[in-house]
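S.K.: Turn this into a structure:
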Amino acid sequence: MPVPIHAARRPRRLLRDVTFETICGAVVDGTLAPGERIFEDDLAAWLGVSKTPVKEALARLATHGLVEIEANRSTRVATAHDLDLVDTLELIGVLHGEAIRSLPRGAAASAALLADRAASVLDRDPTCLALVEATGAFLELARNPLLRRTAEPLHLRTAFLCRHLTVDWSRPAVAPLVADLRSALGAHDLPRSADALARLFRHGSLRDAVDAVPSPSTTPADDGLAAGPGAASSAR
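M.R.: Got it, this is the predicted structure:
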């Protein structure tokens, strides 16, 4: 084929977005632990950037509830409390339920496929995050793009909290609701699935079903990212 005169250009990503995603990833994957104090200088040195994109990233993470900033005092990774997870899931249940309830008619075939996938997730004794991801897939079919934008920070917060907390779906207050959701999804009854999901993720349903994830018996050796900001912060 003829070689183009001008090389194809890929869209350049803003440094502030890359910085945010990297620090956010370190919070979500546990490299930066809940309650750990973090320092802008350490993060800037680790990422090889100035403090400006780091400040912007931390402020953005604070709005997502992943970082706690005390003006002129300290910045820490947010803590992981059971009520935080329950409150977050309640909002996610509303948003995902609305996405399922308001799908366009032309998306029936795709919605049925997503319902089958979500039902199969429920059949495997799912983690909290797995269920959120399965039902969150309906957001891509929703007519209202604001649903996706509103849910995005809640999904990040759930990913962070579910690394340290878990939901016992077998609890008496929860198991019948899980069964109802599984039945509705299997029948491709989307309105009923939306209602069942909202009931399952309701605060009153989950408040006694959240447990802490057991701590690992051994601590992995520090490497890569963990040897960066965490090591420098702990030395202060």
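S.K.: hey, where'd the strands end up in this structure?
M.R.: Per DSSP state E, the chain has strands spanning 37-38, 67-70, 74-77, 165-167, 210-212. These are given in chain order.
S.K.: I'd like to know which elements the third one is packed against.
M.R.: Secondary-structure packing of strand 74-77 (3 or more CB pairs under 8 Å, 6 or more residues apart in numbering; DSSP states H and E): strand 37-38, strand 67-70. (C-beta placed from N, C-alpha, C; glycine too.)
S.K.: Does His96 touch Ala196 like I think?
M.R.: No. If you go by CB atoms under 8 Å, His96 and Ala196 don't touch, sitting 11.1 Å apart.
S.K.: so what's in contact with the two at the same time?
M.R.: Common contact partners of His96 and Ala196 (CB atoms under 8 Å, 6 or more residues apart in numbering): none.
S.K.: Who has more neighbours out of the two?
M.R.: His96 (30 against 23; other CB atoms under 10 Å).
S.K.: OK, contacts around that one?
M.R.: His96 makes contact with 132, 135-136, 138-139, 151, 194, 197, according to CB under 8 Å, 6+ apart.
S.K.: could you redo the last one with a cut-off of 10 Å?
M.R.: Residues in contact with His96 (CB atoms under 10 Å, 6 or more residues apart in numbering) are 89, 118, 131-132, 134-139, 142, 147, 151, 154-155, 193-194, 197-198, 201.
S.K.: Not counting sequence-adjacent ones, nearest residue to it?
M.R.: In this structure, His96 finds its nearest non-sequential neighbour in Thr135, 4.5 Å apart by CB to CB, 6 or more residues apart in numbering.
S.K.: try Asn144
M.R.: Nearest one to Asn144, counting by CB to CB, 6+ apart, is Ser102 at 6.8 Å.
S.K.: domains of this structure?
M.R.: Domain assignment for the chain, taken from automatic domain parsing, gives 15-79, 82-212.
S.K.: Now that we have the ones you listed, can you turn them into CSV and tack on mean pLDDT?
M.R.: Below are these laid out as CSV (pLDDT from 0 to 100):
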stretch, mean pLDDT
domain 15-79, 94
domain 82-212, 95
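S.K.: wait, doesn't Asp168 sit right on Ala209?
M.R.: Yes. Applying CB atoms under 10 Å as the test, Asp168 and Ala209 come out as touching, 5.0 Å apart.
S.K.: Overlap of the contact sets of these two?
M.R.: Counting by CB under 10 Å, 6+ apart, the shared contacts of Asp168 and Ala209 are 128, 174-175.
S.K.: quick one, what contacts the nearest residue to Glu140 once chain neighbours are set aside?
M.R.: Closest residue in space to Glu140, ignoring its immediate chain neighbours: Arg148 at 7.3 Å, by CB to CB, 6+ apart. Taking CB under 10 Å, 6+ apart as the criterion, Arg148 is in contact with 95, 99, 136, 139-140, 142, 155.
S.K.: Please repeat the previous calculation with a cut-off of 8 Å.
M.R.: Arg148 neighbours (CB under 8 Å, 6+ apart): 139-140, 142.
S.K.: Are any of those residues buried, and if so which?
M.R.: Buried members of the contacts of Arg148, scored by 16 or more other CB atoms under 10 Å, are 139, 142.
S.K.: and the contacts of Arg148, which of them are in helices?
M.R.: Judged by DSSP state H, helices contain none of these.
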